[in-house]
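Novice: Can you look at this prediction? I've put the sequence above it.
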Amino acid sequence: MYTSCPSCCSTNIKKNGHTYYGKQNHQCKDCQRQFVLNNTHTKSKTIKTLVKDCLKERLSLRAICRVFNVSITWLQAFAHELWNETPKDLGLSQKAIREVNKVQVFGIQADELWSFVGKKTKKRWIWVAYDPGMRLVIAHHIGGRGKKAAKIFWNKIPFALRACHFETDHWEAYKNIIPADQHKVGKDLTYYIEGFNATIRARVSRLVRKTLSFSKSDKWHNLAIAWFFWQFNIERLEHYI
């Protein structure tokens, strides 16, 4: 059986001394990767892909650890690396924004989801702008639920889409950010985003109303949710662009 590199799968391998613990070290002559055989610390690309997929579903970090037999330390480091890659525009290119403008069957719908960090008294509201036509998350903001948070949320919506019609419920803060001639109000108008909110809660364990998988810090709470929105958009954009 040939020894192969865990990074590039090359069999062009040489022995390269020993580790601090006395184990035989190897080095790939092609990609220069150093590794130890039967190393339980290195995860294959297949495992990483499956773990990444699980991070988009309703599984706690501890559950993923049990399924794939990985440590919580490794999983947190891997998840943090993924979450830190999240772009501020949630993957909405200029081409995608033009498509949203073109396919304006419905107005852009906006709503807020309740969440918390640490304990339920530390509320964090997730403002979401959602396009039902292309089923894309246009923008989001996590913070309070007042006028200040509403203005920050509005400024995160791509400038080219702020002239669209918006549909919201009767929450007063929306009247302070959306021009009256672009604003339609009514609980019956937010049917699609209410369904999307249910999807979010069904797929993000930290947003389930009764859960032990809640976030411990604002930083990772915000990044994990933003990353989910980004991945959600990637899945949708594959069908349109």
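Specialist: Structure received.
Novice: Contact partners for Phe116?
Specialist: Phe116 makes contact with 122-124, 214-215 under the criterion CB atoms under 8 Å, 6 or more residues apart in numbering. Glycine gets a C-beta too; all of them are placed from N, C-alpha and C.
Novice: How far off centre is the lengthiest strand in the chain?
Specialist: With secondary structure taken from DSSP state E, the chain has its longest strand at strand 119-131. Centre-to-centre, strand 119-131 and its host chain are 14 Å apart (CA atoms, centre = their mean, to the nearest Å).
Novice: Provide the strand pairings for that strand, with the direction of each partner.
Specialist: Strand 119-131 has the following strand partners under DSSP bridges: strand 108-117 (antiparallel), strand 136-143 (antiparallel).
Novice: okay, and for this structure, where does confidence drop off?
Specialist: Applying pLDDT under 70 to the chain flags the ranges 1-2, 39-41, 103-105, 240-241.
Novice: Strands of that one, start to end?
Specialist: Secondary structure of the chain by DSSP E: the strands cover 13-18, 24-28, 34-36, 108-117, 119-131, 136-143, 166-168, 183-185.
Novice: dump the residue contacts of the residue nearest to Lys187 when sequence neighbours are not counted.
Specialist: Of all residues not flanking Lys187 in the chain, Asp169 sits nearest, at 5.1 Å (CB to CB, 6 or more residues apart in numbering). By CB under 8 Å, 6+ apart, Asp169 lies in contact with 111, 185-187, 189-190.
Novice: Same list (those residues) but as TSV, adding distance to Ile177 and neighbour count.
Specialist: Shown next, in TSV, are the contacts of Asp169 (distance: CB to CB, whole Å; neighbours: other CB atoms under 10 Å):
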residue	distance to Ile177	neighbour count
Asp111	14	20
Val185	13	16
Gly186	17	10
Lys187	19	10
Leu189	17	16
Thr190	16	21
